[in-house]
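Student: All I have is the shape, not the residue letters:
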C-alpha cells in the first residue's frame, strides 16, 4: 500500500514528469512544491518515547490569536512500513494555515515492529501532544487526530478503540477524528502490507476500526476518492454506516475522480483547486473543536 506507486492515474506524472517515476511524488511536493505562508515550524524532533522514530515536529500559525488554538495530530501514510514526518511538512503547514497547532509524529514501522506497536505509538504521540499543546499556543481540550491512508487507520484506531488512549492515561483527549483514504475494514489480509503488519495477530478483528464503532466515540469525518484502487471507497462508507447504526456521529465525503494519493495531494497549493478536501475537513474540525 505504498502511496508512491499511485502515479499512473494520479495528479503527479503530468506535472512532475520523469522525476515522479523515480521517487515519491509526495516527497517532491515537500521539496519542490509551493507551501502555505503564515506558518512556522515551532519545534523539531520532540521525543514522545525512547525510540529514534518516536519523535514529532510542531507547526503553528504565526499570526496572533485571541486565545489558544485547536490542536491536530497528523499521521502520514505509507503502508505501516514506510514514511517520515520530514516528507509531510507541506501538509502540516496547510493544516496550520487553517488555524490549527499541528503535531506531526513519526512512528515505528514494519519490519522493526508489528501491530499493535504503531497504534501504541500513535496514542503515545497524541497524549504527548496534549501535554505540550499549551507551549505552542494550542488548547489540549480541543484536540483532534487526522491521517491519510495507513495514518487514517492509526487515527481511527486510537479514536475508536478505548484501550489505546486509556493506556497512555488520556482516555478523553481526542475530541474529533478525520481520515483521508483510510483502510478501516480490510479483512482478510491479502496484500503484503497488511500481511506483514497484521498477519501475526491471533484475532484479526482487533486490527479493524469497524470493530470498535460506538455511540460515544468522537465525531468522525471520512473522505475518499472514487478512483482509489489502493483502498476502495467502500471502507469509508462501511465505517460511517456502522457508526451511524450504533448512534455515533460520522460524515462521509466522496470525491469524484480522485485516487489514493490525490486525497492528501490536494492539501498542496499546487493541487488545491482539484477538490476542496482541505476546506471540507478543516471546516469539520473547526466546528467540532471550536
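Tutor: Alright, I've got the coordinates. Source: prediction; values computed, not measured.
Student: who's the most centrally placed residue in the chain bridged to?
Tutor: Residue closest to the mean C-alpha point of the chain, counted by CA atoms, centre = their mean, is residue 147 at 0.8 Å. Beta bridges link residue 147 to residue 75, residue 179, judged by DSSP bridges.
Student: isn't it right next to residue 76, touching?
Tutor: Yes - the pair residue 147 / residue 76 is scored as a contact, 7.2 Å apart, by CB atoms under 8 Å. All C-beta atoms are positioned from the backbone trio N, CA, C, and that covers glycine.
Student: Now residue 35. Its backbone dihedrals?
Tutor: phi -130, psi 160 (degrees, to the nearest 10).
Student: residues near residue 175, how many?
Tutor: Other residues near residue 175 number 20, with proximity taken as other CB atoms under 10 Å.
Student: helix or strand for it, which one?
Tutor: Using DSSP states H and E, residue 175 falls within strand 174-180.
Student: residues in contact with that strand?
Tutor: 126, 141-149, 152-153, 155-156, 158-160, 165, 218-224, 236, 263-264, 277, 281, 284-285, 288-289 (CB atoms under 8 Å, 6 or more residues apart in numbering).
Student: Following that strand in sequence, what is the next regular element?
Tutor: Next element after strand 174-180 (DSSP H and E): helix 192-198.
Student: Now that following helix: buried residues?
Tutor: Buried residues in helix 192-198, defined by neighbour count with 16 or more other CB atoms under 10 Å: 193-194, 196-198.
Student: can you check stretch 173-187 too?
Tutor: 173-186.
Student: ditto for stretch 207-225
Tutor: 207-213, 217-225.
Student: Can you tell me how far residue 101 is from residue 79?
Tutor: With distances taken as CB to CB, to the nearest Å, residue 101 is found 28 Å from residue 79.
Student: Which one's more surrounded, the two?
Tutor: Using other CB under 10 Å as the criterion, residue 101 and residue 79 rank with residue 101 on top: 30 against 22.
Student: which residues touch the nearest residue to that one once chain neighbours are set aside?
Tutor: Take residue 101 and drop its neighbours on the chain: the residue closest to it by CB to CB, 6 or more residues apart in numbering is residue 138, 3.5 Å away. By CB under 8 Å, 6+ apart, residue 138 lies in contact with 60, 68-71, 100-101.
Student: ok, 7 Å please
Tutor: With contact set as CB atoms under 7 Å, 6 or more residues apart in numbering, residue 138 has these partners: 68-69, 71, 101.
Student: Strands - which of these land there?
Tutor: Of the contacts of residue 138, the ones assigned to strands by DSSP state E are 69, 71, 101.
Student: Determine the set of other helices and strands touching the lengthiest helix in the chain.
Tutor: In the chain, assigned by DSSP state H, the helix with the most residues is helix 117-132. On a contact count with 3 or more CB pairs under 7 Å, 6 or more residues apart in numbering; DSSP states H and E, helix 117-132 meets strand 69-75, strand 101-105, strand 138-148, helix 150-160, helix 162-167.
Student: The ones you listed: which one's closest to residue 254?
Tutor: helix 150-160 (14.6 Å; CB to CB).
Student: didn't residue 101 look like it was pressed against residue 135?
Tutor: No - using CB atoms under 7 Å as the test, residue 101 is too far from residue 135 to be in contact (9.6 Å).
Student: Give me the PyMOL select line for the contacts of strand 174-180, limited to the buried ones.
Tutor: Remark: buried members of those, expressed as a PyMOL selection using 16+ other CB under 10 Å:
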select buried, resi 126+142+143+144+145+146+147+148+149+152+153+155+156+158+159+160+165+218+219+220+221+222+223+224+236+263+264+277+281+284+285+288+289
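Student: Now the nearest residue to residue 37 once chain neighbours are set aside. Its backbone dihedrals?
Tutor: Nearest residue to residue 37, sequence neighbours excluded (CB to CB, 6+ apart): residue 97, at 7.2 Å. The phi and psi values for residue 97, taken as degrees, to the nearest 10, are phi -70, psi -20.
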